[in-house]
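Enquirer: Next comes the sequence, and after it the predicted model I'd like to discuss.
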Amino acid sequence: MRSEDRAGVRVITLDNPPVNALSFAYAAVLCPALDAAEADPAVRAVVLTGANGLFSGGADINDFTSDPGPGTLTIRDVIARVEQSAKTYVAAIEKTALGGGVELALACDYRIATAGTKLGFPEIKLGLLPGAGGTQRLPRLIGAQDALQLMLKGDNIDAGDALAKGLLDEVVPADALGAALALIARVAPSAPKRRVSARSTELGIKGLGLFATPFVVAQAHKMLPPEDNGGFAAHKLVDAVEASIELDFPRGLAREFRLFDELVRSAPSAALRHVFFAERELGKIPGMPPAQAKPIASAGIVGAGTMGTGIAICFANAGIPAVVIEPSDEQIERAKQMVFGMFAHQVQRGRMTQEEAWKRGQSIRFESDYAELAQADVVIEAVFESMDVKKTVFAKLDTICKPDAILASNTSTLDIDAMAAVTTRPAQVLGLHFFAPANIMKLLEIVRGNATSPETMATAIALGKTLRKVGVVSGNAFGFIGNRMLFDYAREAIQLAEEGIAPERIDRAMKNFGMAMGPFAMFDLSGLDVFWHIEQGRPDAMHGRTRIIDRLYREKRFGQKSGAGIYRYEKGSREPIPDPVTLELFREEAAKAGVAQGTVVTDDEIVKRLVDALVAVGNELLRTGIALRSGDIDIVYVYGYGFPPHRGGPMWYAEHAPKELVHA
Ligand code: 3HC
Ligand code: NAI
């Protein structure tokens, strides 16, 4: 913490690297500083600002695992001092203010930020609610409706938006501290305090009076997922905002504290905090010598199919021009339509201006001549999943691309070392496994080959961040982390269905558990033909338990794309309809394999068997070093396979869920 006086104004700079978190320990530093400012008659006002290039990342998330214990000072004590102060407080905010950081600013009399600053309440993403007065002050400042929206979504807004909503008093191009000092010079020392706590909560719905409270609250509750499946914190958050409308400030604050304390001890919050920290571990590769990432200013992509085109859009969104090589004119036309359609959709939804969409579209070039890749810093191959085709492509790239270019493959299952071996630069070869649709899915598996250099890894990790992906490092093994586990999950789902449990019941159990979709709906979406082809190359992938896939493939039931797979589909619809034909096929295949039907299981047991299947492979991946940490596996499943984040990922769930549900 730094403290200095400027003509009767005490400037207190939050300085707790890396993100000025307002930890218990830091509250013990701040409280005496605020007490000293209060006691000093020469100080007429206090400016709070931040060092380390930001205001504050909020309360220290590490503190939530420990009870503060009696007498421990917390962020709430810091804020209470600001609230009770007789001096004028101004928050001078630069770059980032999140969670408790914004809550501290809300207790000040004025809030000034520099343009481009991001503000938000990410607590909900940690299974929490803003618990340092945010749920009581924000609705009083910007209205219950806007406050709920901001806090329930947990996304950041920029300073301009925050100003328009009334969260900020001023946005300046630069130098928030200078603007804060100028503001204090304009305000008469005798001017009354501008306490947000003294205001009453506006509902934020024009033309409706207080009677609308139950309506706003009931509507908010209705739109949320159930309390026991991902909505625990959200419902409590709405309860806290309701308290801001119905109770006076001190009682509302007490209600908020109680609800926060309940959440901080809850299983979903512990799981989500695990996901937060696991995500921050990802870029750290134990034992890897430190290396500098190389700048990536241009990209090449080979293949303008589903994946190549999606990857090109990722680069365009990150401001990196990309050349896509594709031999088929027809495919180029399709790819151009896909790019155009995607950007037009963004414009229609108001997410992008026409000019921006045009600029991004123009940054993707489709060509047929590989020579166009000569200057690219990185080239990603996304051609058919065939080792022969990929080897030909890598050999060609090696002769054409500049010597320091990185060559990557988007393969889902094939051996990166075999591709590296046909080049003269194996240290610059790795896998960059995007997930479909590549421009939407956050997960990126960064596959380290035997010879991949630390510099190539560092560059790939940095590139993943530039592309706004969650990059997980994987060893080079069949299916890497995600798909390798998926095959065993699929095998267990098939086993359950062969035992006589209807696919729709299995899917329902997994959806009720919180999965984005059940295993059989996933088969139909990805295409059973895709699984069939993988199985042809690697019959061990699903331990030979793929007779049903073989059967469905031979009957041309590929899934959604052919109108029938495990389920059937009405023309033009993606709604899965349970199909007695599939049940019969499972029965026949079970009989052939001597699998007895009629297993009786609860939904919890279905979940347990499927999660156990994931965990067994996960443990194997850890044992063999393919996955670096169990948290990495959790991140792969949360970001790539729709595993519910409030359950922490399969590995975390297996360790922390009630023991009667999951094997150790
Ligand atoms: N508490 C503890 N550690 C934090 C933290 C926090 N609130 N925010 C970030 N960190 C740590 C990270 O774990 C990481 O540690 P490491 O270097 O040891 O791995 C380090 O700070 C840097 O974080 P990032 O790698 O994420 O740095 P970026 O520059 O990319 O992002 C950030 C900075 C935008 C602040 C981002 O870290 C972030 O979003 N942090 C979380 C913010 C948050 O959730 N705040 C709410 C906290 S809960 C709260 O305030 C409760 C209150 O209502 C009572
Ligand atoms: P796709 O079949 O849609 O596209 C492949 C494209 O590559 C076609 O347009 C084809 O004309 C082109 N192509 C073939 N040989 C070429 C060559 N020598 N030079 C230039 N272009 C060539 O395939 P898709 O689905 O995009 O998959 C590509 C790769 O991505 C595969 O390795 C696949 O396993 C992987 N992948 C696919 C995912 C998916 O869900 N579709 C997900 C993740 C990875």
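Expert: Received the coordinates, thanks. Residues are numbered from 1 along each chain as shown. Ligands and ions are numbered 1, 2, ... in the order given.
Enquirer: rest of the way, CA atoms for contacts and neighbours
Expert: Will do.
Enquirer: could you show me where the helices are in the stretch 401-550 of the chain, in order?
Expert: Secondary structure of the stretch 401-550 of the chain by DSSP state H, counting those that start in this stretch: the helices cover 416-420, 454-466, 482-498, 503-513, 519-526, 528-537, 547-554.
Enquirer: Now the weakest link among those helices, please, by mean pLDDT.
Expert: Note on those: lowest mean pLDDT is at helix 528-537, with a mean of 82.
Enquirer: now that helix and helix 482-498, what's the angle there?
Expert: With axes from the mean of the first three to the mean of the last three CA atoms, to 10 degrees as the basis, helix 528-537 and helix 482-498 are set at 110 degrees to each other.
Enquirer: Could you tell me which other helices and strands helix 528-537 packs against?
Expert: Where contact means 3 or more CA pairs under 8 Å, 6 or more residues apart in numbering; DSSP states H and E, helix 528-537 is packed against helix 547-554.
Enquirer: one more time with 10 Å
Expert: Counting contacts by 3 or more CA pairs under 10 Å, 6 or more residues apart in numbering; DSSP states H and E, helix 528-537 is packed against helix 482-498, helix 519-526, helix 547-554.
Enquirer: in it, what's buried?
Expert: Leu528, Asp529, Phe531, Trp532, Ile534, Glu535 (16 or more other CA atoms under 10 Å).
Enquirer: quick one: the fifth one and ligand 1, what's the gap?
Expert: With the distance defined as CA to the nearest ligand atom, to the nearest Å, Ile534 ends up 37 Å from ligand 1.
Enquirer: wait, doesn't that residue sit right on Glu385?
Expert: Yes: the criterion here is CA atoms under 10 Å, and Ile534 meets it with Glu385 at 9.2 Å.
Enquirer: Torsion angles phi and psi at the residue lying closest to Ile93 once chain neighbours are set aside?
Expert: Spatial nearest neighbour of Ile93, chain neighbours left out: Ala113 (4.5 Å); criterion: CA to CA, 6 or more residues apart in numbering. Reported as degrees, to the nearest 10, the phi and psi values for Ala113 are phi -140, psi 160.
Enquirer: my guess is Ala113 contacts Val102, does it?
Expert: No: counting by CA under 10 Å, Val102 is not a contact partner of Ala113; they are 11.3 Å apart.
Enquirer: ok so, going back, mind checking the helices and strands packed on helix 528-537 for the one nearest to Asp540?
Expert: helix 482-498 (9.7 Å; CA to CA).
Enquirer: Only C-alpha atoms, please: export that closest one in PDB.
Expert: The C-alpha coordinates for helix 482-498 follow below in PDB (Å, rounded to 0.1, in the frame of the first residue of the first chain):
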ATOM      1  CA  GLY A 482     -10.400 -35.300 -24.300                       C
ATOM      2  CA  ASN A 483     -11.200 -37.800 -27.000                       C
ATOM      3  CA  ARG A 484      -9.300 -40.600 -25.300                       C
ATOM      4  CA  MET A 485     -11.600 -40.200 -22.300                       C
ATOM      5  CA  LEU A 486     -14.600 -39.800 -24.500                       C
ATOM      6  CA  PHE A 487     -14.200 -43.200 -26.000                       C
ATOM      7  CA  ASP A 488     -14.400 -44.900 -22.600                       C
ATOM      8  CA  TYR A 489     -17.300 -42.800 -21.700                       C
ATOM      9  CA  ALA A 490     -19.000 -43.800 -24.900                       C
ATOM     10  CA  ARG A 491     -18.200 -47.500 -24.300                       C
ATOM     11  CA  GLU A 492     -19.800 -47.400 -20.900                       C
ATOM     12  CA  ALA A 493     -22.900 -45.600 -22.300                       C
ATOM     13  CA  ILE A 494     -23.200 -48.400 -24.900                       C
ATOM     14  CA  GLN A 495     -22.700 -51.000 -22.200                       C
ATOM     15  CA  LEU A 496     -25.500 -49.500 -20.100                       C
ATOM     16  CA  ALA A 497     -27.900 -49.500 -23.100                       C
ATOM     17  CA  GLU A 498     -27.000 -53.100 -23.900                       C
END
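Enquirer: list the buried ones in the helix or strand bottoming out on mean pLDDT in the chain?
Expert: Sorting the helices and strands of the chain by mean pLDDT, DSSP states H and E puts helix 213-222 at the bottom, at a mean of 80. The neighbour-count check on helix 213-222 (16+ other CA under 10 Å) flags Thr213, Val216, Val217, Ala220, His221 as buried.
Enquirer: Need the residues you listed in JSON lines (columns: distance to ligand 2).
Expert: Formatted as JSON lines, the buried residues of helix 213-222 follow (distance: CA to the nearest ligand atom, whole Å):
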{"residue": "Thr213", "distance to ligand 2": "46"}
{"residue": "Val216", "distance to ligand 2": "41"}
{"residue": "Val217", "distance to ligand 2": "41"}
{"residue": "Ala220", "distance to ligand 2": "36"}
{"residue": "His221", "distance to ligand 2": "36"}
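Enquirer: For the one helix or strand Lys390 maps to, name the packing helices and strands.
Expert: With elements taken from DSSP states H and E, the one containing Lys390 is helix 387-400. Helix 387-400 sits against strand 378-381, strand 406-409, helix 416-420, with contacts defined as 3+ CA pairs under 10 Å, 6+ apart.
Enquirer: now what about it, what contacts it?
Expert: 302, 370-375, 379-384, 405-409, 411, 413-416, 418-426, 429 (CA atoms under 10 Å, 6 or more residues apart in numbering).
Enquirer: In the stretch 551-664 of the chain, where is pLDDT below threshold?
Expert: 658-664 (pLDDT under 70).
Enquirer: For it, which residue gets nearest to ligand 1?
Expert: Nearest residue of the stretch 551-664 of the chain to ligand 1 (CA to the nearest ligand atom) works out as Gly631 at 13.4 Å.
Enquirer: Leaving out chain neighbours, which residue sits closest to that residue?
Expert: Nearest to Gly631 is Ala278, by CA to CA, 6+ apart, at 5.0 Å.
Enquirer: same thing with Lys469?
Expert: Closest residue in space to Lys469, ignoring its immediate chain neighbours: Lys442 at 4.8 Å, by CA to CA, 6+ apart.
Enquirer: OK, contacts around the one you found?
Expert: So Lys442 contacts 434-436, 464, 467-471, 636, 638-640 (CA under 10 Å, 6+ apart).
Enquirer: Can you give me the buried ones in stretch 609-624?
Expert: Applying 16+ other CA under 10 Å to stretch 609-624 flags Arg609, Leu610, Val611, Asp612, Ala613, Leu614, Val615, Val617, Gly618, Asn619, Leu621, Leu622 as buried.
Enquirer: which ones among those residues are found in helices?
Expert: Arg609, Leu610, Val611, Asp612, Ala613, Leu614, Val615, Val617, Gly618, Asn619, Leu621, Leu622 (DSSP state H).
Enquirer: Hmm, Ala497 and the second one touching each other?
Expert: No: in this structure, Leu610 sits apart from Ala497 without contact. The criterion is CA under 10 Å, and the distance is 12.0 Å.
Enquirer: what is in contact with those two at once?
Expert: Common neighbours of Leu610 and Ala497 are listed as Arg491, Ile506 (criterion: CA under 10 Å, 6+ apart).
Enquirer: ok so, going back, who touches both of Ile534 and Glu385?
Expert: Going by CA under 10 Å, 6+ apart, residues that sit against Ile534 and also against Glu385 are Ser412, Thr413.
Enquirer: Look at stretch 137-155 and report the distance between its end residues.
Expert: 18 Å (CA to CA, to the nearest Å).
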